[in-house]
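Asks: Got a predicted structure here, sequence first:
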Amino acid sequence: MYPQENRLTIMGRLDEIARARDFVAVVARNVGLSEKSIHHCALAVDETCTNIIEHGYQDQGQDKPIEIICLFEPAKFSISIRDVGPAFNPLLHNDPDPAATLDERSHGGWGIYFVKEFMDQVWYLRDGNYNQLTMSKTLNP
Amino acid sequence: MNVNVSKDNKTTLIEVSGRIDSTNANELGGALMTEINAGNMQLVVDLASVDYMSSAGLREIVSALKKVRGKGDLRLARPSERVLEVLEMAGLDTIFQIFPDQALALSSYV
């Protein structure tokens, strides 16, 4: 029956991210994604959670949740990541430039860029007190 | 993640294994900076046993490359398909010299 939903809540600490990554990889493998797509999903979850913990929660999120919701529909696998940090739409930030020289490169910005590039669709929603970033892979027929 | 450092003539070989992410990338960065601060400017980072690297890992190797630039180099060896895909997505495959073989990477300094 569709949609199939799986949820996990982690706390806002870096050492929790591996659990989120592994959870999404298991769910994605169970619904039949390729190993390459599973890696993309795990990386996207890692980068999103890292951003939430380091910026949204400013490394003070030990008691604040991050919810991971996987939704599988016949042609799409979606992951929503929800946090209770200040309203923040990461998709509004300028992308770093992969063609930049070494000199031109600054330290950050690649995480959300990877989410946008490795996933097929990404969108942001402010839902009450929650930031919700949803990312999806379209499944081949 | 494990980081093993050894010397091959004037070149320093840094073999990394496991997953590089935001929980441990600073350990890799620390190992690289230790070598650079000791004056070891010819570095090869062997990524053959790294099955996962997030942007946190990229940040550390880019910082180290900036530090050695002009005095030496940081060259990469044997990235897996997954790690290479991440390097390419960030445009780093044109910034770093990447070798398919550890011996080739080490001998590239001679």
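Replies: In hand now; what should we look at?
Asks: those helices in chain A, which residues are they?
Replies: A:17-30, A:35-51, A:110-118 (DSSP state H).
Asks: Now do the shortest one against helix A:35-51, angle only.
Replies: To tie it back to what came earlier, the one meant is helix A:110-118. Using axes from the mean of the first three to the mean of the last three C-alpha atoms, to 10 degrees, the inter-axis angle of helix A:110-118 relative to helix A:35-51 is 150 degrees.
Asks: and helix A:110-118, anywhere near chain B?
Replies: Yes - for a cut-off given as C-beta under 8 Å from any C-beta of the partner chain, helix A:110-118 has contacts with chain B, namely A:Trp110, A:Gly111, A:Tyr113, A:Phe114, A:Glu117, A:Phe118. From N, CA and C alone the C-beta is placed, and that goes for glycine too.
Asks: May I see the buried residues of that helix?
Replies: The neighbour-count criterion (16 or more other C-beta atoms under 10 Å in any protein chain shown) identifies A:Trp110, A:Gly111, A:Ile112, A:Tyr113, A:Phe114, A:Val115, A:Phe118 as the buried residues of helix A:110-118.
Asks: cool, the first one as well?
Replies: Residues A:Ile17, A:Ala18, A:Ala20, A:Arg21, A:Phe23, A:Val24, A:Ala25, A:Val27, A:Ala28 are the ones in helix A:17-30 that count as buried (16+ other C-beta under 10 Å).
Asks: and these as TSV, adding pLDDT?
Replies: Shown next, in TSV, are the buried residues of helix A:17-30 (pLDDT from 0 to 100):
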residue	pLDDT
A:Ile17	97
A:Ala18	97
A:Ala20	98
A:Arg21	98
A:Phe23	98
A:Val24	98
A:Ala25	98
A:Val27	97
A:Ala28	97
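Asks: And the residues you listed, which is closest to A:Arg82?
Replies: A:Ala20 (11.9 Å; C-beta to C-beta).
Asks: got the contact list for that closest one?
Replies: By C-beta atoms under 8 Å, 6 or more residues apart in numbering or on different chains, the contact set of A:Ala20 is A:Leu8, A:Ile10, A:Val45, A:Asp46, A:Cys49, A:Ile66, A:Ile68.
Asks: ok so, going back, mind putting the helices of chain A into JSON lines with distance to B:Asn24?
Replies: Putting the helices of chain A into JSON lines (distance: least, C-beta to C-beta, whole Å) gives the following:
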{"stretch": "helix A:17-30", "distance to B:Asn24": "10"}
{"stretch": "helix A:35-51", "distance to B:Asn24": "12"}
{"stretch": "helix A:110-118", "distance to B:Asn24": "16"}
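Asks: Can you give me the buried ones in stretch B:40-52?
Replies: Buried-residue list, stretch B:40-52, by 16+ other C-beta under 10 Å: B:Asn40, B:Met41, B:Gln42, B:Leu43, B:Val44, B:Val45, B:Asp46, B:Leu47, B:Val50, B:Tyr52.
Asks: Ok, stretch A:56-69 next?
Replies: So stretch A:56-69, judged by 16+ other C-beta under 10 Å, has buried residues A:Gly56, A:Tyr57, A:Gly61, A:Lys64, A:Ile66, A:Glu67, A:Ile68, A:Ile69.
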